[in-house]
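Engineer: got a sequence here, can you model it:
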Amino acid sequence: VIDAWDGIKGLTSIVKDAGAQAVLVASRRKQLPAGSVLAQILEMGVNGVFIVGILAFLIGMTMAFQGVTQLSRFGAGVFMADMLSLSMVRELAPLITAIILTGRTGAAIAAELGTMKVRSEIDALATMGINPNRFLILPRVLAITFAGPALTLMAMFIGMTAGMLVASLTIDLPAIAYWSRIAAFVTPGDYAHGLLKSLLFSWIIAISGSLFGMRATGDSSSVGHATTRTVVVSVLLIIFVDAIFATMATIL
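Structural biologist: Sure thing, here's the model as predicted:
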C-alpha cells in the first residue's frame, strides 16, 4: 500500500511537472534540447515500422482466413471485409501497436532513465539548473504522441490489405469491391475511435516508462525491475482502457 501510494504521488508529480514544462515550451519561454523530439520520433516510429507492419499483416491474414471460413458456411463470405476492417480499425491495430511500443519503447524509456538515475546523471542535470522532466521526459512524450497514432494508422491499412489478398485468393472478391465495402461500412468515427485509443495508449506507455525509470534506486538490478514493471503495468493499463472504450462504445 505504501509503495502504491508513493507511485501515485510520483505519477502525479511527473504529469504535473511535464505539463507545466510543455506549457512553457509552447509559450517559447523554455526550449527543448535541439533535435531531441525528432530523434525520438525516428527511434520510436521509423524503427518500429517493420515489426508493426509484419504483425499487422499476419494478424490481418489470420482474421481474414477465420472470417472467410466461418462466413462462407452461410454464403456470406463477402462480409469478411466488413468484419476485418472494423476489427482492425477499432480494436486490433491500436492494440497491436501499443503492445509493440510497450516492448520496444516503454522498456527502452525505463532502461535509459533508470540507468541515468543509477549513474546520478539526472541529479547532475538538476544541479546544473536543467529540469530533467523537460530535458528527458517531455521529448519522449511528444515523440510517442506522433509515433503511436502514425503506426496505428499504418497498421490499419496493412491489416486491411492483408484481408484483401485473402479475399481475392479464397472467394475471388475483386479489390475494388473489397475496398468499396470498407469505404461504405467503416465511418470516420471508427477511425477517430481507434486513433484516440492509440493516443491514450501511447501516453500510458511513455508515462509508465518515465515513472518507473525515474524511481530506480542506486543498484543496477533496479533498472531491470523498472523495465519489467513498465511492461507489466503498461499492458495492464492498456487492456483496462481498451475494455473501458469497448464498454462505452457498446452502451452508446
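Engineer: nearest the middle, which residue of the chain would you pick?
Structural biologist: A98 (3.3 Å; CA atoms, centre = their mean).
Engineer: quick check: the closest residue to it other than its chain neighbours vs D242, distance?
Structural biologist: Leaving aside its sequence neighbours, A98 sits nearest to F201 (CB to CB, 6 or more residues apart in numbering; 3.8 Å). All C-beta atoms are positioned from the backbone trio N, CA, C, and that covers glycine. Distance from F201 to D242, counting by CB to CB, to the nearest Å: 8 Å.
Engineer: between these two, which one's more packed in?
Structural biologist: Remark: of F201 and D242, F201 carries more neighbours, 26 against 17, as counted by other CB atoms under 10 Å.
Engineer: and the helix or strand containing the residue nearest to A98, how far out from the chain middle?
Structural biologist: Element membership for F201 (DSSP states H and E) is helix 188-214. Mean-position distance between helix 188-214 and its chain equals 5 Å (CA atoms, centre = their mean, to the nearest Å).
Engineer: again, but for stretch 45-55
Structural biologist: That offset, for stretch 45-55, works out to 12 Å (CA atoms, centre = their mean).
Engineer: same question for stretch 238-252.
Structural biologist: For stretch 238-252 - counting by CA atoms, centre = their mean - the centre lies 16 Å from the chain centre.
Engineer: need the CA coordinates for that stretch. CSV is fine.
Structural biologist: The C-alpha trace of stretch 238-252 is given here as CSV (Å, rounded to 0.1, in the frame of the first residue of the first chain):
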residue,chain,number,x,y,z
ILE,A,238,-3.8,-0.7,-22.0
ILE,A,239,-6.1,-3.6,-21.6
PHE,A,240,-8.1,-1.8,-18.9
VAL,A,241,-8.5,1.3,-21.0
ASP,A,242,-9.4,-0.8,-24.0
ALA,A,243,-12.1,-2.5,-22.0
ILE,A,244,-13.5,0.8,-20.9
PHE,A,245,-13.6,2.0,-24.5
ALA,A,246,-15.4,-1.2,-25.6
THR,A,247,-17.9,-0.9,-22.8
MET,A,248,-18.7,2.8,-23.5
ALA,A,249,-19.0,2.1,-27.3
THR,A,250,-21.4,-0.8,-26.7
ILE,A,251,-23.5,1.3,-24.4
LEU,A,252,-23.6,4.3,-26.7
